[in-house]
Structure formats: C-alpha cells, structure tokens
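*Asks:* Here is the input, now give the coordinates:
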Amino acid sequence: MPCMRVRRSPQWLDHSNIIGLCLLVVSIFLWPGSTPAVAIANSWINPASGPWEVQTNWSLGVLPDQTQSVYITNAGWKAVAISGNTSQNFSNSMHIQDLQIATPPDSRNVLLLNFAGFQVPLQTTFLSVASNSAVIVQSSMLYASNMNLYGTFSQSDFSEVKVAGQIQMGTFGGGGAYYLTNGTLSIGGNYFMGGFGPTSTFIQYGGVHTLGSLGLNIEAEYDLYDGQLTATNGLTVGSGDYAGGAIFHQYGGSVNADTIVDGHYVLDGGTITGKMTMAYDPSVGGQQRVDAFFLQNGGTIFASSMDLGHPNRFGGRAFYTLSNGVVQVASNLSFNGSQFSQYNGQVTIVSNLVVHNTEGGLDVNDAHYLLAGGTLSAGGLTAQSASFGQSGGTNLIAGDINIIGVQPSNNPQTVSYTLSGGFMSARNLLVTAGYYSGFRQTGGSNQITAKLTLQGNSPGAFDYTMEGGTLSVKDIYIAEGAFFQHTNGTILHSGLLTLSQGEWRAAAAAQSLGPLQVTVGTSNNNSGISFPDGASTLRLASSSAQAWSPGATLYITNWHGSTSGGGASQLYFGANASGLTAQQLSQIRFVISGRLSPATILSTGEVVPIGAQLQVARNGNTMTLTWPSGWFLQSATNITGPWNDVSGSASPWPVAMTKPREFFRLRE
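*Replies:* Presented below is the predicted three-dimensional model:
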C-alpha cells in the first residue's frame, strides 16, 4: 500500500531518504487537458551539479517523465541543467508532474534552463521553489499549472514562462524574488505577493508580463524599470491593516491595469493606463483602515477615472503628491477626505474635479487640493465641504467652479478657495458660503469670463474677500446675505453688478465698476454699499438704463463724505447728473448717525445725501422752525458765527422776532 504525500510548507527535507521508506507517493495535479495520475517520486541524488538528462543523477535510475514528481532537495551547492541537448534528444524527460526545489542548511539548489531553446518547454503541474533555492531560465521555455515561490526565479534571454493558474510568492512565510529581464511571463490566474516575514520582491527590467490580477500584500515590493505589465483583472498595492507594507515603484515601462493603491506607489517614469482608485479595500466593502500614498515624480497616467480616498475614523485617506509628470483623466477625478498636492506637472481632467470632506464618527476628514505649480485643467471644479489652495501654477477650468459651503453637523468644516498666487480662470464662479467659508484672494490673477455669483449667509463666512491680486470678471451677482469685501487689489469689471439683498464693501482706494442693478431678495428688499473708515472712491458706470426693482432699497453705510461732493467717501454713477433716474435716486438711502437721508446726484455724477433743511412758518411776530429728527438747532448773531446750540430746542421750535437779527442752522 503506497503512503500518501501531503504538501506542506515548501521547506522540504531530502526526499532521497524518503524514497527507501515509501517509493510510491500519490499526488493529484491537473494539467490542462490531462486526467489525475499517480505520480512516482524521482529525486536528484548527485551532490554536485550535472545535466538533467543523465539517468544516474536520479533516484529511480531513469529520467523524469510525466508520471513522476521530481525533487531537487538534497544537500550540496549545485545546479541541475536543462540544455539544448536535453530538449533536442531527451524531450520526454521535460514533461513531468510536480517539481519541488528546496535546500537543506548550508546548501543551495538551482534549476538552470540553459539555452534549451523554444521548441520544447519544461512542463510541470506544480512548481515549488523554497527559500535559498533558485530557478534560472535563459533562452528557454517553462510551463506550469501553478507555482509557489519562496526562493529566487530569474528569467532572461527572451525566455517564455507560462503559468496556467496562479503564483504565490511568500504568502505564508514571506520572502521570494522574481527577476524578469526580458522575454514573456504570462499567468492565467493571479499573482499573490507578500506575507509576514522577509520582503517578497518582483523586479522587472523589461519584457512582457501579463496576468489575471496582481496583488501586493504586506512586505511586498514590485519594481518596474522597463517593459510591460498587464493585469486584466486589476493591480492591488496593499490590502487590509498592513497595506502600508506594500510598495510599487515604477521607474519606467508601462502598467495596463485598473489599479487600487492601498499602500505606496511611486511613479518616476513610464505610463499607467486604467482606472485609478486609492484607499479602497474591496474585500471589506471599501473600508480601508490605513492611509494610502502615491508619489509621482514623472511619467504619465492615462486614467479612465480617478477615485481617491474612502476615509473613516480609522483611516482610508489618500495622499497624492505630484512633483512632476502628467495625469490625464478621461472622466471625473474625485477625492474624499484626502489631499492632492501638485507642485509641478500637468493634470488634465475631461470632466469634473470634485473635492469633498467626509465625517466618520466624531472626526472630520479634510479634503484639500494644493496647487503650487504646474497646470491643472478640468471641465469643472466642485469643492464641497473642502478646500482648494492655489499659491502658484495655472488652474484652467473650462466650465464652472462651485464652492459649496455647509452647516456643520459634528465639527465646523471650512469650505474655501484661497488664491495667493498663480493664474486661475473659469466660465462661472459660484460661492455658496457656509460656516467659515468662501473665496479669499490675496494675490495671483482670477479671470471669470461670465459671472461671479455670491450667495449664502453663515457665521464667519467670508464670501469673496479680495486682499490683493487681480480679478477680471464680466458680471457680478451678490445675493441675499452675501457680500464682496474689497480691501486691496485690482478689479477689472466689464459687465453688470447686481445687488439682490447683497452688499458691496468698498476698498480704501479708488475703484471703477460697471453699472449697478438693484433687485429684491427672498426675505427683504434691502441691499447695501459700505464704505471703509479711510478715504474711498467707488465709481459705478451710468446705471440709468438698468431696471431696478420698484420695491428695492439701496442703503449707503459708513459714508463720511461731503454733501457738496469731493469728501472722504465718494460714490459716483457715471460722469454727470444723468447717471441715475429720479426713480432710482428715490430708492437710495444714506444711513448717517442712525438716521436715513435721501439721495441726490450732483452734476459730476457723485451721489450724496440731501442735507437737512429748516422749515420756517410765520405767525405774527412768532417764527416756527421745524427740522428732521437727529439734528440739533444752532444760532448765531452773525452768519460767520460763532454758532451755539440752542439749549432745550426741539422741533417744532418757536422763535420770537424781538432781536435785530439772528441766524439759525442745523448740525448733526
């Protein structure tokens, strides 16, 4: 009765000692098109190197064949060589059942396919290469159903290696290395790399590597210098809580795969083509518990889509750093609770760039895009519960930029675009201010070809705050509760300024804008223009042709100019008295010392409050003076003064005409 051989770890003992106890071992393998067979053990017994085709080197005294399981596991430092002579004259010996290569202590066993040619492959149903053992394939062919690799596998000289099923490298105890210099490596199934222990490494200098899927787990590294890597079912770098121990380093060559990066990916050169996902573990429904990192120093990514970051309170954030190179995305690029830092290079997105914060438990995972250099081009940009900082470079948005603020649920979330340098452009810019949110410009150049829209009113919102740089815009629309705060910088406004329950806060300088339209809002009809404490001149183009809503009111606050014109605060509509209609003037009120004053327009186009006037009524020898509230009555015996307040005076105030002469005036 033959004893049964059970496959365990690839750390095999010297099977030549086992043969005497149990010659026949039962092992079932399936080669495509074959049936289960009873495999006979045939072990290499020569302690030195030698050719495969010498019968005396084998324990059975015959050459291996397709009925045998072959073992190269005895002690000694040696190489078992399959050469052109083997493939030409002993081809039947190259079709076997499983092949085990292992090494006892203080030994090393190597299987060498040494220019065996491309007519006859070495075929085995299962190849196991244990630690401190090696397979070297030079200008030869090797076919296997499956492979376990804990030692070293070297492929060069345009060799061809085919694995019908899968390769496992270092899965249980770590270790293993595969060197692909050139030639082709094709795997019908999956390639799993990594395990607790020494690092499992795949180094590709060239050639073509095609397979179903490639998975790098803990302590796994793939270095691609040149050649092609194609994974039809995807490439995964890292998985689970130990994903950070996996790294893919690409110096050149091409990767064609839908790629999931849960560990580390470094792109120094070459190309990546396919869908790109970061910090996503499909085995647990996407809940990656550690952060993922991608560093691009060069090369080009051709991504059908990019989805970066799936955070929770334990991890799952994506950190993408682009220092150089090209990123091209055929659809959307979105990242949630993650960071994209661009210092150079070019990012081109056919559709939209979406930046979104997430909340997990009591934590807020901030999403942030930093553009410090290079060029970003996208169809649209949406920052929703997130921030975008531009300190340099060029941001070209073909469509619209949406800054969408939200009210906080558990923690405040700042939603903002900060422009401190560089150039940005968009068709429309919409800022919906939320909690401590808005658009802040301290430098750089902002070009809006159509409309800037400000809306929303939340605590701490800074809507659009301009502290420097240049803003070129056609139309500006400021809606209910929103404001434009202008403290410094230059505004080039070529279209219409609309206040619909909004406010314009003028700079302490001279600024010219287009015509003004005032419309009613949803909760009240009040809009405003506010002046700073210092000298300020705001010149609006003639607005008499604009339709103001009949029920709308424009309030001018913090005005401290001169009612005769030319004071510290100056507000102009056009260059003459026709800059506003009489109806529009009637809708303007100056808020001065808590009172409201109507407006008038001077011949220069400057709009000023109408000064308070004393109304006089005479009845016999008594004159009665009346005036608006908020003013104080003064009197003098000469027109030049001195003027003194009339003690206790209140409108209406009777004056007895008993003095030779007396003059009266009002002061605020």
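*Asks:* Name the residues of stretch 76-88 that are buried.
*Replies:* Neighbour-count burial for stretch 76-88, counted by 16 or more other CB atoms under 10 Å, picks out 78-83, 86-87. Every C-beta, even on glycine, is put in place using the N, C-alpha and C of the backbone.
*Asks:* What about those, which are in helices?
*Replies:* The members of these that map onto helices under DSSP state H are 86-87.
*Asks:* Hmm, residue 658 and residue 622 touching each other?
*Replies:* No - the pair residue 622 / residue 658 is not scored as a contact, 10.0 Å apart, by CB atoms under 8 Å.
*Asks:* Which one of those two is surrounded by more residues?
*Replies:* residue 622 (11 against 7; other CB atoms under 10 Å).
*Asks:* Give the bridge partners for the more buried one, please.
*Replies:* Under the criterion DSSP bridges, residue 622 forms beta bridges with residue 619, residue 656.
*Asks:* Next one: it from residue 655, what distance?
*Replies:* 7 Å (CB to CB, to the nearest Å).
*Asks:* just residue 405 next, same as before
*Replies:* 59 Å.
*Asks:* Tell me, how many residues neighbour residue 55?
*Replies:* The burial count for residue 55: 11, using other CB under 10 Å.
*Asks:* Cross-check the contact I'm expecting between it and residue 61.
*Replies:* Yes - if you go by CB under 8 Å, residue 55 and residue 61 touch, sitting 5.8 Å apart.
*Asks:* for this protein, longest strand please?
*Replies:* Identified as the longest strand of the chain according to DSSP state E is strand 463-478.
*Asks:* Now do the same for the nearest residue to residue 131 once chain neighbours are set aside: its pLDDT.
*Replies:* For residue 131, ignoring the flanking residues on the chain, the nearest one in space by CB to CB, 6 or more residues apart in numbering is residue 150 at 4.7 Å. What the model reports as pLDDT for residue 150 is 94.
*Asks:* How about residue 388?
*Replies:* 89.
*Asks:* can you pull the contacts of it?
*Replies:* For residue 388, the contact set (CB atoms under 8 Å, 6 or more residues apart in numbering) comprises 355, 368-369, 371, 381, 403, 416-418.
*Asks:* Bridged to it, which residues?
*Replies:* Beta bridges link residue 388 to residue 369, residue 417 when assigned by DSSP bridges.
*Asks:* any idea how far it is from residue 418?
*Replies:* In this view, residue 388 and residue 418 are 7 Å apart by CB to CB.
*Asks:* how about the residue nearest the centre of the chain, secondary structure?
*Replies:* By CA atoms, centre = their mean, the mean C-alpha position of the chain lies nearest to residue 340, the distance being 4.0 Å. The three-state label given to residue 340 by DSSP: H, G, I helix; E, B strand; the rest coil is strand.
*Asks:* From residue 214, how far out is residue 600?
*Replies:* Applying CB to CB to residue 600 and residue 214 gives a distance of 79 Å.
*Asks:* ok, those two, which is more surrounded?
*Replies:* A side-by-side neighbour count of residue 600 and residue 214, using other CB under 10 Å, places residue 214 first with 27 against 16.
*Asks:* Would you agree that one is in contact with residue 258?
*Replies:* No - contact between residue 214 and residue 258 fails when scored by CB under 8 Å: they sit 11.1 Å apart.
*Asks:* which residues are common contacts for these two?
*Replies:* Common neighbours of residue 214 and residue 258 (CB under 8 Å, 6+ apart) are 231, 234-235.
*Asks:* Can you tell me how far the residue nearest to residue 666 when sequence neighbours are not counted is from residue 165?
*Replies:* Computed as CB to CB, 6+ apart, the closest residue to residue 666 that is not its neighbour in sequence is residue 631, at 4.3 Å. To residue 165, residue 631 is 97 Å away according to CB to CB.
*Asks:* Also residue 191?
*Replies:* Using CB to CB, one gets 10 Å for the distance from residue 191 to residue 165.
*Asks:* Then residue 151?
*Replies:* Relative to residue 165, and taking CB to CB, residue 151 is found at 19 Å.
*Asks:* what about the two, which has more around it?
*Replies:* residue 151 (25 against 18).
*Asks:* Residue 128 is in contact with that one, correct?
*Replies:* No - using CB under 8 Å as the test, residue 151 is too far from residue 128 to be in contact (9.2 Å).
*Asks:* helix/strand/coil for residue 243?
*Replies:* Per three-state DSSP, residue 243 ends up helix.
*Asks:* What's the local residue count around the nearest residue to it once chain neighbours are set aside?
*Replies:* In space, and not counting its chain neighbours, residue 243 is closest to residue 262: 3.9 Å by CB to CB, 6+ apart. Neighbour count for residue 262, taken as other CB under 10 Å: 32.
*Asks:* gap between residue 262 and residue 246?
*Replies:* 7 Å.
*Asks:* between the two, what contacts are shared?
*Replies:* 237-239.
*Asks:* Neighbour-wise, which one of the residues you listed leads?
*Replies:* Most neighbours among these, by other CB under 10 Å: residue 238, with 29 neighbours.
*Asks:* per-residue confidence at the residue lying closest to that one once chain neighbours are set aside?
*Replies:* In space, and not counting its chain neighbours, residue 238 is closest to residue 263: 2.6 Å by CB to CB, 6+ apart. Looking at residue 263, its pLDDT is 90.
*Asks:* Can you pull out the residues in contact with the helix or strand hosting residue 429?
*Replies:* For residue 429, the host element (DSSP states H and E) is strand 423-432. Strand 423-432 is contacted from outside by 381, 390, 393-405, 417, 438-439, 444-456, 463-464, 482, using CB under 8 Å, 6+ apart.
*Asks:* Which residues are in contact with each of residue 151 and residue 128?
*Replies:* Common neighbours of residue 151 and residue 128 (CB under 8 Å, 6+ apart) are residue 101.
*Asks:* returning to what we had before: what pairs with the residue nearest to the centre of the chain across the strands?
*Replies:* Where residue 340 sits in a bridge, its partners, by DSSP bridges, are residue 320, residue 369.
*Asks:* What score does it have for pLDDT?
*Replies:* pLDDT recorded at residue 340 is 92.
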